[in-house]
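# Dropping a prediction and its sequence here:
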Amino acid sequence: MKPKSEQSGYRRKAADQTRDLLVRGIDPDRIDLGELLDDVVEFIRSYVVLPVVHRKGEQYGDVVADVLALWVLHTHTFGACWATPYLRVTSAAPVSAKSLLLEVLASISRRGWLAVNPSPAVLYRKIDRDTPALFLDEMDNFALDEKRDALAVLNSGYKPGAKVPRCNERGELEEFGCFCAKAYAGLDEKQLVPTLLSRSITIRMETKRSTDKVEMWIAPDVGPRAEELRARCGAWAERHVDDLKGHRPDLVGLVNRQAEVWWILLSLAELAGAEWPERARAAARALGAGGDETDRPSRQVQLLMDIDTAFGNDTTIFTVDLLKYLNGLDESPWGDRHRGDGITSRDVSTMLRPFRIRPRSVRVGEETAKGYRVDQFEDAFARYLPPRSESVTSVTSVTTAPQSQADVTDVTDVTDTAGAPEDPFADIDVDPMAPPPADPGPS
């Protein structure tokens with residue numbers, strides 16, 4: 001609960017924004033959400049060259065701008081959120097406008113706080129006090145010890161009620177709330193991916209070409225335009241946040257963590273109406289949650305993907321044939337193991353044990369040898385891989401399967417839902433995006 005002085009300060013600021021809008025000839029009670037989102041899209045695209053998303057052979061043109069506009073509005077309607085989608089802004093190389101994008105978004109978000117390498121103590125104290133929209137830049141430059149603390153804040157602050165416990169200088173326990181809107185940026189740093197991927201929408205920026213033309217971002221000149229847009233977002237949110245709290249969007253086939261990530265964004269799009277619901281659904285199809293096709297899955301999930309393609313339409317495979325196939329895959333790491341000798345049967349067996357899969361004697365034609373049956377993998381495939389492609393035919397004609405969205409390390413959320421919007425997924429016990437089961441040990 002914020003102190004009364006802070007609450008009254010926020011109310012005064014909202015009243016000031018309302019007066020400013022009236023002075024500009026804008027009636028806060030007549031703001032159209034669809035037009036407002038279009039204006040946010042135009043604002044972002046004026047200063048930043050946004051990438052075109054390619055996913056599973058399809059090209060999606062404007063979805064990045066659309067999801068960014070919805071995300072900005074979600075920072076203003078944060079009181080309606082029972083989970084917050086994170087933005088992961090990354091790139092393969094520097095000078096790709098990651099920092100610029102964060103600065104542009106911070107200028108129109110509610111209480112935008114652009115932070116570069118803050119100490120962990122500053123991070124969780126600032127979030128607990130102000131509930132800002134956090135824009136955390138240069139995550140790849142954090143020292144390892146500080147990175148762990150920053151990741152703890154990010155992981156625990158996905159839902160309301162999560163706390164970071166710390167001892168103060170007097171040895172007394174203090175708990176800090178970490179729930180706030182968050183965007184983080186850095187080079188494609190694999191150490192950051194596993195614990196955050198399932199909570200994040202990935203925006204993969206690219207270096208601007210000489211033919212790409214946008215306006216130069218000069219903060220003092222842009223300030224008045226950003227201030228007006230931010231005030232319009234705040235005025236709409238103040239009048240409609242209760243409408244969002246009870247809204248249940250069409251989840252377009254999204255489940256579990258992906259549904260949580262897109263819930264507030266789809267809800268905003270549906271309240272905007274017109275073409276915005278379809279635009280949001282297109283963004284959800286293109287961007288999903290949990291990374292993109294450039295991100296590599298964990299070794300275990302990669303192995304499941306490659307074994308899935310190795311089976312093709314067959315029901316059994318000898319271990320010797322499986323090893324030959326795995327070690328022949330150019331884009332998988334198996335052939336480089338053991339100084340180039342490749343993955344061994346023991347390696348495969350060890351990596352599959354957490355899924356409760358062990359080699360057995362199988363028959364292929366008239367021959368019998370150690371190997372695997374496809375029905376041993378049914379549960380693991382269903383939990384960790386996308387549906388199998390109908391075009392997969394055999395071990396000699398397949399290519400590496402598409403990137404799985406399921407490779408994430410889930411972090412249990414410590415939640416206290418008192419006073420927070422109801423969690424529609426509170427009764428779900430099985431999360432197919434959870435990490436592999438613990439090794440059961442010898443049977």
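Cool, got the structure. Numbering: from 1, shown residues only.
# From now on I want contacts and neighbour counts done on CA atoms only, so please keep to that.
Noted.
# just the helices in the stretch 201-350 of the chain please.
Using DSSP state H, counting those that start in this stretch, the helices of the stretch 201-350 of the chain run over residues 219-245, 256-272, 276-287, 299-311, 319-327, 345-352.
# now for the longest one, which elements pack on it?
Identification of packing neighbours for helix 219-245 by 3 or more C-alpha pairs under 8 Å, 6 or more residues apart in numbering; DSSP states H and E yields helix 4-23, helix 33-47, helix 63-76, helix 98-108, helix 256-272.
# need the contact list for the nearest residue to residue 341 once chain neighbours are set aside.
Closest residue to residue 341 apart from its sequence neighbours, by C-alpha to C-alpha, 6 or more residues apart in numbering: residue 335 at 6.7 Å. Residues in contact with residue 335 (C-alpha atoms under 8 Å, 6 or more residues apart in numbering) are 326, 327, 328, 329, 341, 342, 343.
# Pull out the buried residues from these.
The neighbour-count test (16 or more other C-alpha atoms under 10 Å) marks 326, 327, 342, 343 as buried among the contacts of residue 335.
# I'd like to know how far the last one sits from residue 303.
In this structure, residue 343 lies at 11 Å from residue 303, with C-alpha to C-alpha, to the nearest Å as the measure.
# likewise the first one?
Remark: distance between residue 326 and residue 303 (C-alpha to C-alpha) = 9 Å.
# Pull the number of nearby residues for residue 79.
Using other C-alpha atoms under 10 Å, residue 79 has 17 neighbouring residues.
# make that residue 366, sorry
Residue 366: 5 neighbours (other C-alpha under 10 Å).
# for the one 4 residues further on, same thing?
Residue 370 has 14 neighbours, counted by other C-alpha under 10 Å.
# Phi and psi next, for it.
In terms of degrees, to the nearest 10, the main-chain angles of residue 370 are phi -70, psi 140.
# Also residue 368?
Main-chain torsions, residue 368, degrees, to the nearest 10: phi -130, psi 130.
# quick one, what contacts it?
Contact analysis of residue 368 by C-alpha under 8 Å, 6+ apart lists 361, 362.
# do you know how far it is from residue 87?
51 Å.
# Need the nearest residue in space to residue 228, chain neighbours excluded.
residue 21 (7.4 Å).
# isn't that neighbour right next to residue 231, touching?
Yes. Using C-alpha atoms under 8 Å, residue 21 makes contact with residue 231 at a distance of 7.2 Å.
# So for the two, which sits in the more crowded spot?
residue 231 (23 against 18).
# if I read this right, that one contacts residue 19, doesn't it?
No. Taking C-alpha under 8 Å as the definition, residue 231 is not a contact partner of residue 19, at 10.0 Å.
# With pLDDT and distance to residue 31 as added columns, please give the contacts of residue 335 in JSON lines.
Shown next, in JSON lines, are the contacts of residue 335 (pLDDT from 0 to 100; distance: C-alpha to C-alpha, whole Å):
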{"residue": "326", "pLDDT": "94", "distance to residue 31": "58"}
{"residue": "327", "pLDDT": "92", "distance to residue 31": "60"}
{"residue": "328", "pLDDT": "92", "distance to residue 31": "59"}
{"residue": "329", "pLDDT": "91", "distance to residue 31": "56"}
{"residue": "341", "pLDDT": "89", "distance to residue 31": "65"}
{"residue": "342", "pLDDT": "92", "distance to residue 31": "62"}
{"residue": "343", "pLDDT": "92", "distance to residue 31": "61"}
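# what ranges do the strands span in the stretch 101-250 of the chain?
Using DSSP state E, counting those that start in this stretch, the strands of the stretch 101-250 of the chain run over 112-116, 133-137, 163-167, 173-177, 182-187, 200-205.
# In space, not sequence, find me the middle residue of the protein.
residue 200 (1.1 Å; C-alpha atoms, centre = their mean).
# now that residue, which residues is it bridged with?
For residue 200, the beta-bridge partners under DSSP bridges are residue 86.
# same question, residue 187
Bridge pairing for residue 187 - DSSP bridges - gives residue 91.
# ok, now how distant is it from residue 140?
In terms of C-alpha to C-alpha, residue 187 sits 6 Å off from residue 140.
# likewise residue 319?
For residue 319, the distance to residue 140 - C-alpha to C-alpha - is 40 Å.
# do residue 204 as well
Residue 204 is 15 Å from residue 140, by C-alpha to C-alpha.
# Give me the more crowded residue out of the two.
Neighbours of residue 204 and residue 140, each counted by other C-alpha under 10 Å, are more numerous for residue 204; the result is 23 against 19.
# Now do the contacts for the more buried one.
Counting by C-alpha under 8 Å, 6+ apart, residue 204 has contacts 51, 89, 90, 91.
# Kindly recompute the last result at 10 Å.
By C-alpha atoms under 10 Å, 6 or more residues apart in numbering, the residues touching residue 204 are 50-53, 64, 88-92, 96, 98, 185, 187-188, 291-292, 294.
# List buried residues within those.
50-53, 64, 88-91, 96, 98, 185, 187-188, 291-292.
# Just the pLDDT for the residue nearest to residue 341.
Looking at residue 335, its pLDDT stands at 88.
# and if you look at residue 167?
At residue 167, pLDDT is 84.
# Report the beta-bridge partners for it.
Listed by DSSP bridges, the beta-bridge partners for residue 167 are residue 173.
# circling back to that earlier point, report the set of residues contacting both of residue 343 and residue 303.
What both residue 343 and residue 303 touch, as defined by C-alpha under 10 Å, 6+ apart, is the set 326, 333, 334.
# Next up, the contacts around the last one.
For residue 334, the contact set (C-alpha under 10 Å, 6+ apart) comprises 299, 302-303, 323, 325-328, 340-344, 347-348.
# now do the first one
Residues near residue 326 by C-alpha under 10 Å, 6+ apart: 303, 306-307, 309-310, 332-335, 342-344, 348.
# can we see that at 7 Å?
residue 334 (C-alpha atoms under 7 Å, 6 or more residues apart in numbering).
# quick one on the thing from earlier: quick one: which of the contacts of residue 334 is nearest to residue 286?
residue 302 (21.5 Å; C-alpha to C-alpha).
# Can you check the pLDDT for that closest one?
At residue 302, pLDDT is 85.
# show me where pLDDT drops low in the stretch 301-443 of the chain?
Across the stretch 301-443 of the chain, residues meeting the criterion (pLDDT under 70) sit at 387-443.
# domains for the protein, by residue range?
The chain resolves into domains spanning 31-287, 296-412+434-443 when parsed by automatic domain parsing.
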